[in-house]
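Enquirer: Structure for the following, please:
(chains A, B, C, D, E, F, G and H, ligands or ions: 6)
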Amino acid sequence: MVNFAGIAEPGSTKNYKTGTWRTYRPVVDFDKCIGCAKCWEYCPEGCIIELEVDGKEVYETDLDYCKGCGICSEECPVGAIEMELEEED
Amino acid sequence: MVNFAGIAEPGSTKNYKTGTWRTYRPVVDFDKCIGCAKCWEYCPEGCIIELEVDGKEVYETDLDYCKGCGICSEECPVGAIEMELEEED
Amino acid sequence: MEEIRIHGRGGQGSVTAAELLAEAAFEDGLEAQAFPAFGVERRGAPVRAFARISDTKIRLRSQVYEPTYVIVQDATLLGTVDVEEGIKSDGKMIVNTSRDQSQLDIDTEAEIITLDATKLALDILGKPIMNTALLGAFSGATGEVSVEAMKKRVKKRFPGELGEKNAKVMEKANKIVGG
Amino acid sequence: MEEIRIHGRGGQGSVTAAELLAEAAFEDGLEAQAFPAFGVERRGAPVRAFARISDTKIRLRSQVYEPTYVIVQDATLLGTVDVEEGIKSDGKMIVNTSRDQSQLDIDTEAEIITLDATKLALDILGKPIMNTALLGAFSGATGEVSVEAMKKRVKKRFPGELGEKNAKVMEKANKIVGG
Amino acid sequence: MALEEEEYFESGHRACAGCGLALGARLAMKATGEDAIATCSTGCLEVVSSPYPESSWEIPWIHSLFENSAALGSGIEAGLKAQGNDHTKVVAQGGDGGTVDIGIRSLSGMLERNHDVTYVCYDNEAYMNTGIQRSGSTPYDASTTTSPPGTESYGNENRKKDALEIAAAHGISYVASASIAFPSDLVDKVKKANEINGATYVQIHTPCPTGWGYEGKETIEIARLAVETGLWVLYGKKDGEIQNINKLNDRKPVEEYLKKQKRFKHLFKKEDGSKELEKIQNIADRNAEKFSLDK
Amino acid sequence: MALEEEEYFESGHRACAGCGLALGARLAMKATGEDAIATCSTGCLEVVSSPYPESSWEIPWIHSLFENSAALGSGIEAGLKAQGNDHTKVVAQGGDGGTVDIGIRSLSGMLERNHDVTYVCYDNEAYMNTGIQRSGSTPYDASTTTSPPGTESYGNENRKKDALEIAAAHGISYVASASIAFPSDLVDKVKKANEINGATYVQIHTPCPTGWGYEGKETIEIARLAVETGLWVLYGKKDGEIQNINKLNDRKPVEEYLKKQKRFKHLFKKEDGSKELEKIQNIADRNAEKFSLDK
Amino acid sequence: MKRENREVMEGSHAVAHAVKNCSPDVIAAYPITPQTHIVEKLSQFVADGELKSEYLKVESEFSAMSACVGASATGTRTFTATSSQGLILMDEVLYNASGLRLPIVMVVANRAVGAPINIWNDHSDSMGVRDSGWIQLYAESNQEVLDMAIQSYKIAENDDVRLPAMVCMDGFILTHTYEPVSIPTKEEVSDFLPEFDPEHKLDPEDPKSFGTVGFPGDFMEFKYQQHEAMQNAKEVIPEVFKEYSEKMGREYNGLIEEYKTEDADVILISLGSVIGTLKDTVDDLRNEGEKVGLIKVRVFRPFPEKQLIDAIEGARAVGVLDKNISLGNKGALYSELLDSLYNSDITPLTINFIAGLGGRDIPESSAKKMYEKTKDVAERGYVEDEIKFVDLKEA
Amino acid sequence: MKRENREVMEGSHAVAHAVKNCSPDVIAAYPITPQTHIVEKLSQFVADGELKSEYLKVESEFSAMSACVGASATGTRTFTATSSQGLILMDEVLYNASGLRLPIVMVVANRAVGAPINIWNDHSDSMGVRDSGWIQLYAESNQEVLDMAIQSYKIAENDDVRLPAMVCMDGFILTHTYEPVSIPTKEEVSDFLPEFDPEHKLDPEDPKSFGTVGFPGDFMEFKYQQHEAMQNAKEVIPEVFKEYSEKMGREYNGLIEEYKTEDADVILISLGSVIGTLKDTVDDLRNEGEKVGLIKVRVFRPFPEKQLIDAIEGARAVGVLDKNISLGNKGALYSELLDSLYNSDITPLTINFIAGLGGRDIPESSAKKMYEKTKDVAERGYVEDEIKFVDLKEA
Ligand SMILES: Cc1ncc(C[n+]2csc(CCOP(=O)(O)OP(=O)(O)O)c2C)c(N)n1
Ligand SMILES: Cc1ncc(C[n+]2csc(CCOP(=O)(O)OP(=O)(O)O)c2C)c(N)n1
Ligand code: SF4
Ligand code: SF4
Ligand code: SF4
Ligand code: SF4
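Expert: Ligands and ions are numbered 1, 2, ... in the order given. Down below sits the predicted model:
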């Protein structure tokens, strides 16, 4: 049965993968990425993560949660993020 | 029994004589009264009436409603109104 | 059980009188109850308050319809308020007035006791708050509650000079009516 | 009485599809009912909608548990949503996909009909709104509702060019699945 | 007589002797006239004026609840509009509690929708009808039954809520403050509010002998002192512009106002009371500055 | 990274793709940090973030009703005080409807009592959770499901309620407007509000693709345009003084903002639409004047 | 049911159309799921000039009902709709509207009351305000909702009743469901429903005071008048139904509707949309030879005590399905049915099913289980667990 | 009853003293007649430093209860008091507090609900919220109110209950009446009532989320838990009463109290302060040789079904005095008593007296009339007018 008074654990929506909602997928071109973190700042899902690629600080999307809204792509000052249609799988 | 939905006739509190509440009674000295109507303006009961006495416009209290608050006496610019203790009757 | 009704005007301390009466009765070892006429009466408007005193626990919660005793704080009420309503024929009514009993137009078989409580109050307290005088008189006239208990309670409620003076008023009024 | 379930994503017009289906059935002289999966699903989230059609008055108010027909608006749902749940073994499932039936991983005995509704919609409407194509296909594949009635209703709902184009999509989809 | 002779708020009401509120209503109704409908929130005004089967009101009047006077007014205005009546005025009335506290949501909604309603708040600075509890409009340090002074308290802890500014912030075209000590000004302001097509707000300072602790006869004097000390500022604000400021020749110290009232008695008794009096003087001074009160 | 890295509003919430509100909450929580308790009124934010048995919140969080977020905050603050806790911050959150309409009474009370609570209003300019009905915060002429354009209507008839001014009129020491297009500014303001001992009010403009009718990816652009056209002014008001005005180099015409949104589409279609556009431009111009926006 | 008149539409829109044809002068409403589509549609009608009403988009349900009170007091016809939290929020004004005897009509899109917050259907909201002096009608289908909306005006405005009325429609299950309905035209409605022109109203020509203070000497009499008005409604409602049936050709036959009850051993009783499912269930069971019947409670306030007793007579057991529970006691319909039965001559066995709370679906299979359980009670001759939560997930 | 401990004081002050000794951390209240003296007294305690509570003088009852919800969720003990319109205004938050399982304690000074507005006593207010998931206790005397206030914390905070509790005291009749009471000292209270330290609370050290959305898959289970908690309360309350009786020396013997019922032919049933008057009446009648008894319903939520049935057994007729009426049906106590009796083995005749609405006084003479009427019913063997408004002025 349900727990007492409907109490929920902190941050537990992470159990639900909103990535399944996505129609378009952001693909970051690490070569272009200047690590400015604009995409990270603006992502409503908070699902962009910092990464080191070839010694360079870049950003990438956690596709478990990315809903594919395209904000990161739109706001990337150097056009490093492309939105690509999800494939059926 | 009561009427439909408790509807009351306009101005019908006049049926109730708040004069019975009075401990002090305002007595106007018509000779002093200059007819400025300050007492009329300030009376919370709206129970001061205009009167002609010896061809002169003066003001007097309707004792049916006067509660004897003393405002008229206090505000009369020429001190024409005295407050006198009510007698038992 | 005896029932008491007090008539006065908003601002004259009728409710306080009923409360003091109940407190004093309790002090005397009786059970007691006091309550106002429920409502919000504005200053100057006629008000009523009630008390019950008894040897046994008081459970009754209705209003008072047939008081043994009635106290009238202000004789100007007599014209407008039916102070005698329901009073027991062997009851007593204590009226604050400067007049003589015979001059009062009260239609009752109950005994009427008069007292110029206003004067007493003005003399001792310096203001026309008559409730303690009338309580003193009540004690004297009925013997239901001791004046000692009343004095004790009024002093407790109004510590200092005010209480002392009121106790004095009580004492004096009690004497006047022959307590 | 036949029950239909439509799977899609918030924003893809699944509820509209169910409504159009009911309207068309009514147009064909049947009784009909359509309703969404109750709730407020956000854009992009998987949603469902339902319809019932019948010769006689529909009184049943429960949800649909064992649909005869299932329509899947978006094959990307197949991985996450249990589209085959409860479908009758002699039922039919109409899936929007560019793939071949055999490439789909759906665990059901029901007949699976595929259609590249997205392409059709993009071709004719210029945008990926596939619901009318799938309705056309439903008509063709099941014969439960006439494509004429559907066209009539879609034109009524979207007067002007939009309705005409959608009617065309319906017509075409209907043909493709052999209606 | 400068004021309308006709009475629309009649004698026989049950207000305390010397009630400022009753006078306020009497004056406001003179400004309103007979072609009007009034609402009234629960409170002294409603209770003293409508003991079934009686009423003090000469114009159609309705009381519903404590918190919905403005919403009731909205509905009445809409009802009149629907009937094609474009002449009858709607006056929504409330005490300060019914206005700035429990009624502020319905007031805010009415103002936002800009109904053709004049809202009149009778400000006696506490919940009087229930026996003098603090309201949002109770001034700083005033003693009420729920803000009593004590070892831990100087009385009311919060500043008086500025309902006029709050109303004005809704962008309505007229707000005004008035006082029963200045009847013609009061009547003018309510008239002006009534004439405007759209929502308006008038707040009338109405001292209460029972709640503030002074004798009934002093009501006007107290009201006047509030203005003369700068604690209650008379002004109008039309389309954002402040107007009708009543400049003060010789602003009185707040003590003159405070010491006459039992609700401030403790300030004159308690140690540290003078500090508090200073704070109150500061409030008056800030008002004077904000409104350039001093001549 | 300029902003706090830690997330206190987590992924997995059910907001629409591109939701401005979700971003607003994510940013506001970064400003708030872990030693805080948050309340939340009914609305998109609450619904998308707390589907039992899940929650997106990393700090203690409570939802009670639609209209009482501020009152809940008051109670929490009092509870903490009673426990001798003087460090944990209280953040009361609400949508614009839950704040400026149905919740304004409890907000007003909280502000008046000056609780140590930061109120954050996420302004998406309509009741979104229930399917885009007008709120008091809906801008003039916007189409919503209860303010549809039609032969008798240009959309929403009323001006957007100025909740910032209303809050400021309560005399609290800090109010501020913010926008998700300006994350650092937003975080700074919420931080500042949190640091103040007493009630503060921050209103964040959070565009909503679903309700306003644009594509999710444009959320930031739309938010930016609101600021750049002068329709949403970024400012802070500390103790009555306006500060942090973000001057505009080259204020854009309102059309640039409006034409991107379906909710204003009818203005570009209807005859007379241009008159309405002018009125909206006027609103921006008046803002520019009031806040000296133009460089 | 003439097919030509029928059209498929959403329940919310159906009721909006019906209300439009009643020409309310003033509408005041506040959105709440699942009522929204009703008031949105009405907004559109007004925006398009199809309905000439003053439409107030108020800032809360409290003000929605308050504005209706004000408008109704001016003698105009008013409408609002709400649900759940919104209905409970306006509780104080509900009592007020009834006490002021204002014939406001409101549609309630029934929904659960939180906490926990839940937007789905049950009857906690309207049952929670059953003391407030409002007439309550419960609809089985969208056709009924829209018909009842029209009927309600005539009932509420009747001189012997003059009480506000609430038409309850199950949230989502009816509000969001498309199905065929027939909507009386404006002319048909006008023919049935006279203009509202009350004797007492706020009117400067006749300046009465409303909402005065009721002292202990009078208050009880006011309440008695409301009580009497409720009793009168028991007569008036069937008359209005009858006239409506005659004019519109759809049968409304009384405060309750009996379905295959004549020879029934077991009777199920409920209200609202679940009646549809239960009718199907009864038909199925009848086909299987079960002697089962069904009673639909169409009017819950005033409570149709006598009608229920008459209808139940002969049954060995009744199962009452409540979509609410008065926590600490029982379902409201069950409780009131029992209080009626107690002083009647009949003594069927009874059992209370608490079902469908917060949108828990009630499929036919569950309906059958309830029947089985009730039949079991009938056969055993006693009831063990009087209150049964249906389809509860076990711990 | 040790005399030394007793003191004469107003009912409101008595309850304020008791609450003070429970040391609530947070008080949030809004004034309304006749509750005012309670919260005024508490204000004074706080101003004088005699009570260290955070005291919120909120802007409405809605916020009073909301602030209690917030404060209680932080794990502190909370108190509020209200009446009538104020109670109805907070209705939505009442459901919420119960659903969130917060053990808030509230004193309700019972008063009529308008329109017409009326400040006097009846039970329409608390009866009108009987579905909201609150425990409800009704007091006969000021001694009971103050004892129940203390007991309520222990009941509400019990792990098997964890529901908010409402102590109902008749407005004016108790709140404004001076009489002797005995108030447990702070030490005595502390000994009886442990500190409140709930497992779940708003706490940055353990950052849980409260008040999440209950979907159809779970909602019913939440309600069932509340229902179960109410059932548990039927066990817990008598235990708490017992402990209290032992510690304080005043008898609290169960959900109901029987008075001379053993051999009674006729039993009167009611709740609240009228019980006092009825006890006197019963004594008088007993002296006259009448076989009459009385049942006092001390706990109305959870409803003491079994206890009532046991107590009534043997009586030929029961007269139920309700100070409220669910318009369109019956008095709440009567209605629920009958729903309980229906499935019991006993079948007394019953009659419902609607009395004391809006402060109509109930003198002993009226109490006797009710007895006569009930006896008459017993003798005739049937009841004619089941619902009787007592002391109604005739038209
Ligand atoms: C919902 C509700 N809460 C509380 C009350 C009790 N109440 C009635 S009048 C009143 C105070 C009125 O204060 P205000 O509005 O300032 O008017 P005043 O009596 O001071 O003129 C209160 C608290 C009520 N009637 N309704
Ligand atoms: C008393 C009450 N009335 C109505 C509702 C329905 N309701 C829930 S959320 C909501 C709109 C929320 O709007 P807003 O506060 O602007 O937040 P948003 O969803 O837009 O972020 C409404 C009307 C409710 N839950 N409670
Ligand atoms: S597409 Fe949207 S959700 Fe996905 S990473 Fe970019 S901003 Fe975040
Ligand atoms: S004493 Fe007061 S009430 Fe009497 S006339 Fe003078 S002002 Fe009026
Ligand atoms: S309490 Fe004050 S406001 Fe109320 S009637 Fe008396 S003087 Fe007037
Ligand atoms: S409707 Fe708007 S505010 Fe709500 S979740 Fe979607 S985008 Fe965000």
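
Enquirer: State the helix or strand in which G:Ala64 lies.
Expert: G:Ala64 is located in helix G:61-73, with elements delineated by DSSP states H and E.

Enquirer: what angle separates that helix from helix H:61-73?
Expert: Inter-element angle recorded for helix G:61-73 and helix H:61-73: 160 degrees (by axes from the mean of the first three to the mean of the last three CA atoms, to 10 degrees).

Enquirer: what's the distance between helix G:61-73 and the middle of its chain?
Expert: 20 Å (CA atoms, centre = their mean, to the nearest Å).

Enquirer: for it, packing partners?
Expert: The contact analysis (3 or more CB pairs under 8 Å, 6 or more residues apart in numbering or on different chains; DSSP states H and E) places helix G:61-73 against helix E:69-82, helix E:104-112, strand G:26-29, strand G:54-57, strand G:78-82, helix G:84-89, helix G:91-99. All C-beta spots, glycine's among them, are computed from the backbone N, C-alpha and C.

Enquirer: Can you add mean pLDDT, mean neighbour count and distance to chain B and give these back as a markdown table?
Expert: Formatted as a markdown table, the helices and strands packed on helix G:61-73 follow (pLDDT from 0 to 100; neighbours: other CB atoms under 10 Å in any protein chain shown; distance: least, CB to the nearest CB, whole Å):
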| stretch | mean pLDDT | mean neighbour count | distance to chain B |
| --- | --- | --- | --- |
| helix E:69-82 | 98 | 30 | 15 |
| helix E:104-112 | 98 | 30 | 22 |
| strand G:26-29 | 98 | 30 | 19 |
| strand G:54-57 | 98 | 25 | 23 |
| strand G:78-82 | 98 | 31 | 16 |
| helix G:84-89 | 98 | 28 | 23 |
| helix G:91-99 | 98 | 28 | 7 |
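
Enquirer: What residues does the stretch 51-200 of chain G have near chain B?
Expert: Contact residues (CB under 8 Å from any CB of the partner chain) of the stretch 51-200 of chain G with chain B: G:Gly99, G:Leu100, G:Arg101, G:Arg162, G:His200.

Enquirer: now do 10 Å
Expert: By the rule CB under 10 Å from any CB of the partner chain, the part of the stretch 51-200 of chain G lying against chain B is G:Ala73, G:Ser98, G:Gly99, G:Leu100, G:Arg101, G:Leu102, G:Asp159, G:Arg162, G:Pro198, G:Glu199, G:His200.

Enquirer: Briefly note if the lengthiest helix in chain C comes near chain E.
Expert: Assignment by DSSP state H gives helix C:161-176 as the longest helix of chain C. No: judged by CB under 10 Å from any CB, helix C:161-176 and chain E are separated, with a smallest distance of 15.4 Å.

Enquirer: Indicate the residue of chain C located nearest to chain A.
Expert: The minimum distance from chain C to chain A, using CB to the nearest CB, falls at C:Arg61 (39.3 Å).

Enquirer: just checking, that residue touches H:His176?
Expert: No: C:Arg61 lies out of contact with H:His176 (CB atoms under 10 Å); the separation is 11.7 Å.

Enquirer: quick one: contacts for the closest residue to G:Phe196 other than its chain neighbours?
Expert: Among residues not flanking G:Phe196 along the chain, G:Arg77 sits closest, at 4.6 Å (CB to CB, 6 or more residues apart in numbering or on different chains). By CB atoms under 10 Å, 6 or more residues apart in numbering or on different chains, the residues touching G:Arg77 are E:79, E:82, G:19, G:22-27, G:53, G:71, G:103-105, G:153, G:156-157, G:193, G:195-197.

Enquirer: now the helices and strands packed on helix G:61-73 in JSON lines, with distance to chain F?
Expert: Formatted as JSON lines, these follow (distance: least, CB to the nearest CB, whole Å):
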{"stretch": "helix E:69-82", "distance to chain F": "12"}
{"stretch": "helix E:104-112", "distance to chain F": "4"}
{"stretch": "strand G:26-29", "distance to chain F": "8"}
{"stretch": "strand G:54-57", "distance to chain F": "6"}
{"stretch": "strand G:78-82", "distance to chain F": "12"}
{"stretch": "helix G:84-89", "distance to chain F": "7"}
{"stretch": "helix G:91-99", "distance to chain F": "14"}
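
Enquirer: Quick one: classify A:Ile49 as helix, strand or coil.
Expert: Classification of A:Ile49 by DSSP: H, G, I helix; E, B strand; the rest coil places it in strand.

Enquirer: who's in contact with it?
Expert: Going by CB under 10 Å, 6+ apart, A:Ile49 touches A:Trp40, A:Val58, A:Tyr59, A:Glu60, A:Thr61, A:Asp62.

Enquirer: Give me the buried subset of those.
Expert: By neighbour count, with 16 or more other CB atoms under 10 Å in any protein chain shown, the contacts of A:Ile49 hold A:Trp40, A:Val58, A:Tyr59, A:Glu60, A:Thr61, A:Asp62 as buried.

Enquirer: Am I right that the second one is in a helix?
Expert: The reference is to A:Val58. No: per three-state DSSP, A:Val58 lies outside any helix segment and is strand.

Enquirer: nearest spatial neighbour of it, skipping sequence neighbours?
Expert: Excluding its sequence neighbours, the residue lying closest to A:Val58 (CB to CB, 6+ apart) is A:Cys33, at 4.2 Å.

Enquirer: ok, the one you found to H:Gly314 distance?
Expert: A:Cys33 is 88 Å from H:Gly314, where distance means CB to CB, to the nearest Å.

Enquirer: quick one: which of those two has more around it?
Expert: More crowded of A:Cys33 and H:Gly314, by other CB atoms under 10 Å in any protein chain shown: A:Cys33, with 21 against 15.

Enquirer: That one belongs to a strand, doesn't it?
Expert: No: with three-state DSSP as the criterion, A:Cys33 is assigned coil and is not in a strand.

Enquirer: residues near the residue of chain G found nearest chain E, how many?
Expert: Closest contact between chain G and chain E, by CB to the nearest CB, is at G:Gly70 (2.7 Å). G:Gly70 has 37 neighbours, counted by other CB under 10 Å.

Enquirer: Wait, it touches E:Ala82, no?
Expert: No: G:Gly70 is beyond contact range of E:Ala82, at 11.7 Å (criterion: CB under 10 Å).

Enquirer: Overlap in contacts, these two.
Expert: Listed as contacting both G:Gly70 and E:Ala82 by CB under 10 Å, 6+ apart are G:Val26, G:Thr76, G:Thr78.

Enquirer: so where is chain G shaky, pLDDT-wise?
Expert: Counting by pLDDT under 70, chain G contains low-confidence ranges at G:1-4, G:395.

Enquirer: So the residue of it most remote from its centre versus ligand 2, what's the distance?
Expert: Within chain G, the residue lying farthest from the chain centre (CA atoms, centre = their mean) is G:Glu205, at 37.1 Å. Using CB to the nearest ligand atom, to the nearest Å, we find G:Glu205 at a distance of 38 Å from ligand 2.

Enquirer: That residue: what secondary structure?
Expert: Applying three-state DSSP: G:Glu205 is coil.

Enquirer: Check A:Pro44 too.
Expert: The three-state label given to A:Pro44 by three-state DSSP is coil.

Enquirer: list the contacts for it?
Expert: Applying CB under 10 Å, 6+ apart, one finds that A:Pro44 lies in contact with A:67, A:69, A:71-72, F:9, F:11, F:13, F:15-27, F:180, F:206, F:216, F:219-220.

Enquirer: Okay, helices next: where are they in the stretch 1-150 of chain E?
Expert: Using DSSP state H, counting those that start in this stretch, the helices of the stretch 1-150 of chain E run over E:20-32, E:44-49, E:69-82, E:96, E:104-112.

Enquirer: Now tabulate those in CSV and tack on distance to chain C.
Expert: Converted to CSV, these look like this (distance: least, CB to the nearest CB, whole Å):
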stretch, distance to chain C
helix E:20-32, 10
helix E:44-49, 7
helix E:69-82, 20
helix E:96, 18
helix E:104-112, 25
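
Enquirer: For the residue of chain E found nearest chain H, which non-adjacent residue is spatially closest?
Expert: With CB to the nearest CB as the measure, E:Gly150 is the residue of chain E nearest to chain H, at 3.0 Å. Once flanking residues are discounted, E:Gly150 sits nearest to H:Ala47: 3.0 Å by CB to CB, 6+ apart.

Enquirer: Appreciated, that's everything.
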